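Chemist: coordinates only, sequence not included:
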């Protein structure tokens, strides 16, 4: 965080938009802290799967259902609506009207958002016995799993208004090019969940106390962001909701923008609804979801968060070259990091799910079912990331209706294919439908931007994407071979006594395989020209500057 802005500086014009290195540096800050959060989240996921399992107990499915519902509303009313409407409006107000008026807009918007989510929370808690049959109809009315899911969701719903405040204040900081606290806040959720889950000795107890930990973390995250905004010099004070003309305009843009930005989450929610009909189905999808969320959080969300303020400034100043350059740079950078991750998920889903999760209450059968879904999620991972970037190109121009229409088509296709593929192939068919629907959404947004003349990737970007793809496929072939000959890799690890017992061999084998993939990808990327050494040196120099 930077020091508080002196009063004399508040009336000064904003600094010029940072180009090139600014996007890279902002993305790197967000990604670095997100990486820490994801590692903490990985340990949290290990604790959840170890204590709750998947198909063996009702606890894991109930717990994942309890988290899915407030998270869906969080994407709709907090992060999605906020990213679509507030960040461009706040950035524009900072440039045009100055900090004082921009902060009044932020305070009014926060009051309205907080009040709305509190009302939704209370209604959902009261109606949860009936809503659960819409969320997870496969649990069955009155069953043990159904009752536990109702209780856990009622406990976790206060997480929604807390996250609404967090998302809103994160946007205030991001619009001021401050990304540290918004990226680091999720770490508190992982720490709190671990503290509440690890001491438990039963699956149901772990689910109940894990839900309490979610709410405690939400309060802590909101308090952290309030402190951070005050420290930054922004004056976003608490007040009663006011439907000012500016807030009404935000609401008008936020409603379609929320749906547009939340297409992936809506599809995941629908997937969970279908999977609830299979014992363990929700947990298999949730476990696979955690693995592909790593590149989505580190790359798609991080670059998207840094991209939106820069695009908004470029659009407001009518700098078409900067807008084009920002999108080209964001897409090339995102795919250079996402395509190898997707290749790994597709090349060795079984190796990943078994090596990471098969222990405690999480059985080998659970791991195999998770792997089947993870394969198709891997195919959709580049689309999940590109959705984050293409949607920003619309939001920066104040257009939330176009991506909303595209999202509605994507959701409709996901519902139809999800039902069809689920009946044909089981739970893995749900993941396949989500991947297809996400690629359809990306195609619609790309064509929409091209037709309006807003963005078309340059020839150099297309060439670079092709070379990144070739390098990623080369790494994927290496990982697929390692997965195929996995027993040969594990055998010497047992024999030389690295772990003292056989149970640790698969973890060491997986770690060595991942390190081999990480070691071989950069040389391949340089060899095929996806990234040039001179560009990397220039980027590092800009980052230091």
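Modeler: Good, I have the coordinates. Keep in mind the model is a prediction, meaning the values are calculated, not measured. Numbering: from 1, shown residues only.
Chemist: Just the pLDDT at the closest residue in space to residue 191 that isn't next to it in sequence, thanks.
Modeler: Once flanking residues are discounted, residue 191 sits nearest to residue 40: 6.6 Å by Cβ to Cβ, 6 or more residues apart in numbering. Backbone N, C-alpha and C define where each C-beta goes, glycine included. Looking at residue 40, its pLDDT is 79.
Chemist: Can you tell me whether I have it right that residue 40 is in a helix?
Modeler: Yes: applying DSSP: H, G, I helix; E, B strand; the rest coil, one finds residue 40 inside a helix.
Chemist: Hmm, it is touching residue 192, no?
Modeler: No: counting by Cβ atoms under 8 Å, residue 40 does not reach residue 192; the two are 10.5 Å apart.
Chemist: more crowded one of these two?
Modeler: The residue with more neighbours, out of residue 40 and residue 192, is residue 192; 22 against 18, by other Cβ atoms under 10 Å.
Chemist: Now do the contacts for the more buried one.
Modeler: Going by Cβ atoms under 8 Å, 6 or more residues apart in numbering, residue 192 touches 213-214, 216-217, 220.
Chemist: Which stretches in the stretch 201-350 of the chain count as helices?
Modeler: Counting by DSSP state H, counting those that start in this stretch, the segments of the stretch 201-350 of the chain that form helices are 203-232, 245-261, 263-275, 281-295, 302-316, 320-347, 349-357.
Chemist: circling back: could you give me the ChimeraX syntax to select whichever of the contacts of residue 192 are buried?
Modeler: Buried subset of the contacts of residue 192, written as a ChimeraX selection, criterion 16 or more other Cβ atoms under 10 Å:
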select :213,214,216,217,220
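Chemist: Return the member of the contacts of residue 192 nearest to residue 414.
Modeler: residue 214 (26.6 Å; Cβ to Cβ).
Chemist: SS state for residue 407?
Modeler: Per three-state DSSP, residue 407 ends up helix.
Chemist: Was I right to think it contacts residue 442?
Modeler: No: applying Cβ under 8 Å as the test, residue 407 and residue 442 come out as separate, 11.2 Å apart.
Chemist: shaky segments in the stretch 251-400 of the chain?
Modeler: Residue ranges of the stretch 251-400 of the chain with pLDDT under 70: 256-268, 296-310.
Chemist: Look at residue 215 and say how many residues are nearby.
Modeler: Neighbours of residue 215 (other Cβ under 10 Å): 18.
Chemist: ok, now which ones touch it?
Modeler: Residue 215 neighbours (Cβ under 8 Å, 6+ apart): 155-156, 158-159, 162.
Chemist: cool, and residue 291?
Modeler: Residues in contact with residue 291 (Cβ under 8 Å, 6+ apart) are 345, 352-353, 356, 374, 377.
Chemist: of all those residues, which two lie farthest apart?
Modeler: Within these, 356 and 377 form the most distant pair, 14.6 Å apart (Cβ to Cβ).
Chemist: average pLDDT across stretch 117-137?
Modeler: When pLDDT is averaged over stretch 117-137, the result is 89.
Chemist: who touches it?
Modeler: For stretch 117-137, using Cβ under 8 Å, 6+ apart, the contacting residues are 61, 65, 68-70, 73, 77-78, 139, 141, 146, 149-150, 153-154, 157-158, 160-161, 164, 272-273, 276-277, 282.
Chemist: From the residues you listed, which land in helices?
Modeler: Per DSSP state H, helices hold the following members of the contacts of stretch 117-137: 61, 65, 68-70, 73, 146, 149-150, 153-154, 160-161, 164, 272-273, 282.
Chemist: Can you point out the buried residues in the helix or strand harbouring residue 92?
Modeler: Using DSSP states H and E, residue 92 maps to helix 87-96. Across helix 87-96, burial judged by 16+ other Cβ under 10 Å covers 87-95.
Chemist: Same check on stretch 126-143?
Modeler: For stretch 126-143, by 16+ other Cβ under 10 Å, it's 128, 131-132, 135-136, 138-139.
Chemist: from the contacts of stretch 117-137, which would you call buried?
Modeler: Buried by 16+ other Cβ under 10 Å: 61, 65, 68-70, 73, 77-78, 139, 146, 149-150, 153-154, 157-158, 160-161, 164, 272-273, 276, 282, out of those.
Chemist: Contacts only, for the nearest residue to residue 415 once chain neighbours are set aside.
Modeler: Excluding the flanking residues, the one nearest residue 415 by Cβ to Cβ, 6+ apart is residue 270, at 5.8 Å. Going by Cβ under 8 Å, 6+ apart, residue 270 touches 411, 414-415, 418.
Chemist: between residue 356 and residue 377, which one's more packed in?
Modeler: Neighbours per residue (other Cβ under 10 Å) separate residue 356 from residue 377, with residue 377 holding more: 29 against 21.
Chemist: So the nearest residue to the more buried one once chain neighbours are set aside versus residue 371, what's the distance?
Modeler: Closest residue to residue 377 apart from its sequence neighbours, by Cβ to Cβ, 6+ apart: residue 292 at 4.5 Å. To residue 371, residue 292 is 12 Å away according to Cβ to Cβ, to the nearest Å.
Chemist: same thing with residue 157?
Modeler: Residue 157 is 32 Å from residue 371, by Cβ to Cβ.
Chemist: Repeat that for residue 171.
Modeler: Between residue 171 and residue 371 the computed distance is 37 Å (Cβ to Cβ).
Chemist: go on, residue 186?
Modeler: Taking Cβ to Cβ, one finds residue 186 at 26 Å from residue 371.
Chemist: For residue 359, what are phi and psi?
Modeler: phi -170, psi 160 (degrees, to the nearest 10).
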